[in-house]
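> with the sequence up front, the predicted model follows.
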Number of protein chains: 2
Amino acid sequence: MSNAVKVEVGLGERAYSIFIGRNLIEEAGERIAALFGDIRAAVVTDGNVACFHLDPLLSSLRGAGIEAAPVILPAGEKTKSFDALQEAVDAVLGARLERGDIVIALGGGVIGDLAGFAAGIIRRGMRFVQMPTSLLAQVDSSVGGKTGINTPRGKNLVGLFHQPRLVLADTGVLDTLSLREFRAGYAEVAKYGLIDRPDFFAWLETNWRGIFDGGAARTQAIAESCRAKADVVARDELEKGDRALLNLGHTFGHALEAATNYDGDRLVHGEGVAIGMALAHRFSTRMNLASSDDAARVEAHLLAVGLPTRVADIPGSLPGPERLLDYIRQDKKVARGALTFILTHGVGKAFIARDVPASEVLAFLKESHPG
Amino acid sequence: MSNAVKVEVGLGERAYSIFIGRNLIEEAGERIAALFGDIRAAVVTDGNVACFHLDPLLSSLRGAGIEAAPVILPAGEKTKSFDALQEAVDAVLGARLERGDIVIALGGGVIGDLAGFAAGIIRRGMRFVQMPTSLLAQVDSSVGGKTGINTPRGKNLVGLFHQPRLVLADTGVLDTLSLREFRAGYAEVAKYGLIDRPDFFAWLETNWRGIFDGGAARTQAIAESCRAKADVVARDELEKGDRALLNLGHTFGHALEAATNYDGDRLVHGEGVAIGMALAHRFSTRMNLASSDDAARVEAHLLAVGLPTRVADIPGSLPGPERLLDYIRQDKKVARGALTFILTHGVGKAFIARDVPASEVLAFLKESHPG
């Protein structure tokens, strides 16, 4: 097998390894058989990913003696629904898998969240392997065990914590991503530097082109991101404290996604996070928590890689500041009406700020709003 | 508050208490407020239970300053479905509960399994209180954290382990049960004696009338059953080993339920378990594992309380022995084709028998079959 980089997620009896490198789809059969022995599998994926990567994966599994049933769902965020969950569960049960068998998620964040949820509830918990095919999924959604679906009442309001037993992040598959999608995933990479890894952020400022080009820098950046997320998750698996740091940029970002009706043509998640991180730094400056130099530095790097940083960068008209504040209040991280934000004392110095005054947020949104 | 009996379920950071006694619905508000402080609640129940017990519960909660939203689902096994799950989840989200708030299940096993599942997946896990209103739920389904729904492919194939934070078993509500339903629950009480508590079984042989009449013997029997189940669950929360002992009588029982299309007019779960336990003891005798005196003693006690013990006791026609064996194979506890049964060396000496030869089971079914 090739020399993939290995990152351990230290969760006691739920500990698992993430492998990062090229050709991991081709090696999946061998690696899965080595870990699980004589099992069967279901591969949950979507129509787009299936075109590129399903056959190589199935043939790798077959080569290792693993019979696998493909479960192909429609591509897109709509697949994170009760209906698709029910469809996936039924298909896995129909493949007559037993509790010791495995569910493999081959796809981006939507497939990972849905397949992980399905695996978590079939026979009260089947073993689960993540094979993330987007940069976003490789550095974020495939690490940490959050799974879930959306409901008409909000995103990710339904789901559970179900840790994978193995993550195989094939960095070669990222070559097929659009530049826009790659950039959106990169926002989450930068986030880890901004939370508590200032050296990593400085390294990104110098090396980001290598990450986009592929090769060693890409593998290194993904591995460091996984390490960063794994550290936080190991400290706080169920998000009772520190894990909220991972929401840097997400409170503003989610509100902007909601304000654009989750229209991916206007704003994808990673872009919302990029704008949200820039806003969180500027808001921290406004609250006299951080220097304006730091906010400018963050914005400069996001702009350099081609990410948006301002509310005005979103095409089309947006609701006014008061309505944006409503969206922030509706975010599920609002506890009993008080506003919780991830703010910062500077690059790599993020912290959880509870009881942020709504009046300050509103004033800031008014200053930031293009309207 | 009254002198309820308290049973501790020792599950480390998921440990919780079961209170058993009269008037616990009236005391629920006080007890819940003492444990959880300033929270809101949703009460998931069904139309039948709501008639008797919802108003007293809501008024007890209100008296303790707890605002509670009722969620009333149709009564019956059909409520253990994806559709009802989605309905319950939506209703709880619609009540704007937050992650620290609680979901209360007020009802029998169906409501407990469904509400527990919903609580386990809303916001990736809400706190959950069981208030079981049937004998079966008080001694079995409300202890141990198994939650779930049925699918067209089988019963309880979808769900998760989600432990309650508190169980309030009001023994007074059992006065409203039909004799048939009470007897069916009693089968699970007897099961705990048969698994590994021979003294309890002997006590039941003497005291069963008192349990049916209510009063101290009833509370004592429920408490001992909860203790028995809690012991097994504490040893093996996720059913990787010993917990399978709780399936005594269930492999045969589930097959008989399936063979009667889960028609509750012909056979309810507890009756299937009663016949299944009698069969498990007779099959153990046939395999030269236990004496025929033990099998006769078990059958005599089940008959004394009015429970069925023979396949022929089920009204209407049944599929033949080969088809019954198919149902046994389909039971989810079949691992990779080998038949696993809970067999016994005598009263209170049950054990997990793996690799039971299908030919022996078939021969036994042919002897036991009325056709």
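Received, thanks. Given the structure is predicted, the values throughout are model-derived calculations rather than measurements.

> for chain A, what's the longest helix?
Looking across chain A with DSSP state H, the single longest helix is helix A:216-235.

> got the CA positions of that one in PDB?
Output of helix A:216-235 as PDB, limited to C-alpha atoms (Å, rounded to 0.1, in the frame of the first residue of the first chain):
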ATOM      1  CA  ALA A 216       2.600  17.200  -0.900                       C
ATOM      2  CA  ALA A 217       1.300  20.600   0.400                       C
ATOM      3  CA  ARG A 218      -2.300  19.500  -0.200                       C
ATOM      4  CA  THR A 219      -1.800  16.300   1.800                       C
ATOM      5  CA  GLN A 220       0.000  18.200   4.500                       C
ATOM      6  CA  ALA A 221      -2.800  20.800   4.800                       C
ATOM      7  CA  ILE A 222      -5.500  18.200   4.900                       C
ATOM      8  CA  ALA A 223      -3.600  16.200   7.500                       C
ATOM      9  CA  GLU A 224      -3.000  19.300   9.700                       C
ATOM     10  CA  SER A 225      -6.700  20.200   9.400                       C
ATOM     11  CA  CYS A 226      -7.800  16.700  10.500                       C
ATOM     12  CA  ARG A 227      -5.300  16.800  13.400                       C
ATOM     13  CA  ALA A 228      -6.700  20.200  14.400                       C
ATOM     14  CA  LYS A 229     -10.300  19.000  14.300                       C
ATOM     15  CA  ALA A 230      -9.500  15.700  15.900                       C
ATOM     16  CA  ASP A 231      -7.800  17.600  18.800                       C
ATOM     17  CA  VAL A 232     -11.000  19.600  19.500                       C
ATOM     18  CA  VAL A 233     -13.300  16.600  19.100                       C
ATOM     19  CA  ALA A 234     -11.200  14.400  21.400                       C
ATOM     20  CA  ARG A 235     -11.500  17.100  24.100                       C
END
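
> so what does that helix touch, helix or strand wise?
Applying 3 or more C-beta pairs under 8 Å, 6 or more residues apart in numbering or on different chains; DSSP states H and E, we find helix A:216-235 packed against strand A:5-9, strand A:16-21, strand A:166-170, helix A:179-196, helix A:198-213. C-betas here are computed from N, CA, C, even on glycine.

> and if we set it to 10 Å?
Of the remaining helices and strands, those touching helix A:216-235 by 3 or more C-beta pairs under 10 Å, 6 or more residues apart in numbering or on different chains; DSSP states H and E are strand A:5-9, strand A:16-21, helix A:135-136, strand A:166-170, helix A:179-196, helix A:198-213.

> got these as TSV, with mean pLDDT and distance to B:Phe283 columns?
Shown next, in TSV, are these (pLDDT from 0 to 100; distance: least, C-beta to C-beta, whole Å):
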stretch	mean pLDDT	distance to B:Phe283
strand A:5-9	95	46
strand A:16-21	96	41
helix A:135-136	96	55
strand A:166-170	98	41
helix A:179-196	97	58
helix A:198-213	97	64
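
> tell me the residue in chain A that is farthest from the middle.
A:Gly65 (31.7 Å; C-alpha atoms, centre = their mean).

> for that one, which three-state class applies?
coil (DSSP: H, G, I helix; E, B strand; the rest coil).

> that one is in contact with A:Gly29, isn't it?
Yes: applying C-beta atoms under 10 Å, one finds A:Gly65 in contact with A:Gly29, separated by 7.9 Å.

> need the contact list for A:Pro70.
By C-beta atoms under 10 Å, 6 or more residues apart in numbering or on different chains, the residues touching A:Pro70 are A:41-45, A:50, A:54-55, A:57-58, A:91, A:95, A:104, A:106.

> picking up where we left off before, quick check: closest non-adjacent residue to the residue farthest from the centre of chain A.
Nearest in space to A:Gly65, with sequence neighbours left out and distances taken as C-beta to C-beta, 6 or more residues apart in numbering or on different chains, is A:Ala33 at 6.5 Å.

> so which bits of the helix or strand of chain A with the lowest mean pLDDT are buried?
When each helix and strand of chain A is scored by mean pLDDT, DSSP states H and E, helix A:321-330 comes last, with a mean of 89. The neighbour-count criterion (16 or more other C-beta atoms under 10 Å in any protein chain shown) identifies A:Pro321, A:Leu324, A:Leu325, A:Tyr327, A:Ile328 as the buried residues of helix A:321-330.

> if I look at the second one, how far off is chain B?
Pointing back at A:Leu324 there. Distance from A:Leu324 to chain B, counting by C-beta to the nearest C-beta, to the nearest Å: 20 Å.

> start to end distance for stretch A:138-146?
14 Å (C-alpha to C-alpha, to the nearest Å).

> next: stretch A:44-53.
Across stretch A:44-53, first to last residue, C-alpha to C-alpha, it's 12 Å.

> now do it: distance to the chain's middle.
19 Å (C-alpha atoms, centre = their mean, to the nearest Å).

> next: stretch A:167-185.
12 Å.

> and the following helix or strand past the longest helix of chain A, anywhere near chain B?
Counting by DSSP states H and E, the next helix or strand C-terminal to helix A:216-235 is helix A:250-259. No: residues of helix A:250-259 contacting chain B under C-beta under 10 Å from any C-beta of the partner chain: none, with a closest distance of 14.5 Å.
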